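Colleague: Pasting the sequence and the predicted coordinates here, then a few questions.
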Amino acid sequence: MAGRVIRVGSGPPLVWLHNAGGVTELDPVVLALADQGYEVIAPVCPGFDSLDEIDDIRDVHDLALWYDDLFTDLGLDGASVVAHSFGGMIAAELAAHVPHRVGRLVLAAPVGLWRDDEPMADMFPAFPLEIQDLLWADPSKAVLPPPPARTDIEGVDDPLLAMFLQMTTGMTAVGKFMWPIPDKGLRRRLHRVTAPTLIAWGAKDKLIPASYADDFVAAIPNARAELLDDAGHMVVLERLDDFISLVAGFLKE
């Protein structure tokens, strides 16, 4: 199985599926989850290191099965999975396609559904100059995560340019599975999810309205939602301590 897998901490395994910004060993959410006594296993989504990785992954069904194969390689079955945004869509698809893979599921502001009356904002034209306005309740207080790990792109000596190019690669991979809208039939599959599920959402999310939390709860048989005030789409960072507390309590239920 190709792909990079980040591991941080020790203890029972907990899988973190990252958002469109990618993931590093210094990701604040990864470190905070590890501090709760877990070995955090954070796979890098196909396409984020190299777009060649998604040549044979045609759609969300193939992507879900790619993660199923990865879980087999990692010896994970009935794992606790925590995921954010684009990673939330992947986690939901995995839990719907192969229910036994996921024992407990936390989805923070997941992508994947669509409502004509409250459409998700278009993140692609907002990248990179205006994306922070969509992601944060108060962009002036944005806490940026560490840059992606790969700054050794061939022929590029400037670390900032290398970081931008890697972020662009990641957004291109995201676009393959979300564009033009993220509704790829997930709503019709969510009834297959058997894992107890916690939906966490920032009440001031400008990318995906917080009302989508109700849609996920209505579609997943054993799910509940928690809204966190004074947070936008980046609820996992804007309310990091509270988010981790929610996750820790839910996983111990």
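Modeller: Sure, I can see it. Because the structure is a prediction, the values reported are computed rather than measured. Numbering: from 1, shown residues only.
Colleague: The residue nearest the centre of the chain: what's it in contact with?
Modeller: Centroid-nearest residue in the chain: G87, 2.2 Å away (criterion: C-alpha atoms, centre = their mean). By C-beta atoms under 8 Å, 6 or more residues apart in numbering, the contact set of G87 is 16-19, 45, 110. All C-beta atoms are positioned from the backbone trio N, CA, C, and that covers glycine.
Colleague: Can you give me the distance of it to V15?
Modeller: 10 Å (C-beta to C-beta, to the nearest Å).
Colleague: How about M123?
Modeller: 24 Å.
Colleague: With neighbour numbers in mind, choose between those two.
Modeller: Taking other C-beta atoms under 10 Å, M123 and V15 do not tie; V15 has more neighbours (28 against 23).
Colleague: Could you check which helix or strand contains the residue lying closest to the more buried one once chain neighbours are set aside?
Modeller: Of all residues not flanking V15 in the chain, V81 sits nearest, at 4.6 Å (C-beta to C-beta, 6 or more residues apart in numbering). Element membership for V81 (DSSP states H and E) is strand 79-84.
Colleague: Let me see the contact set for the residue nearest to P196 when sequence neighbours are not counted.
Modeller: Spatial nearest neighbour of P196, chain neighbours left out: N222 (4.9 Å); criterion: C-beta to C-beta, 6+ apart. Taking C-beta under 8 Å, 6+ apart, we find N222 in contact with 194-197.
Colleague: which one among these gets closest to D55?
Modeller: Of all the contacts of N222, D55 sits closest to A195, with 30.7 Å by C-beta to C-beta.
Colleague: pretty sure D52 is in a helix, no?
Modeller: Yes. Judged by DSSP: H, G, I helix; E, B strand; the rest coil, D52 forms part of a helix.
Colleague: Look up how far G175 lies from it.
Modeller: 16 Å.
Colleague: Give me the more crowded residue out of those two.
Modeller: Comparing D52 with G175 by neighbour count (other C-beta under 10 Å), the higher total belongs to G175, at 15 against 10.
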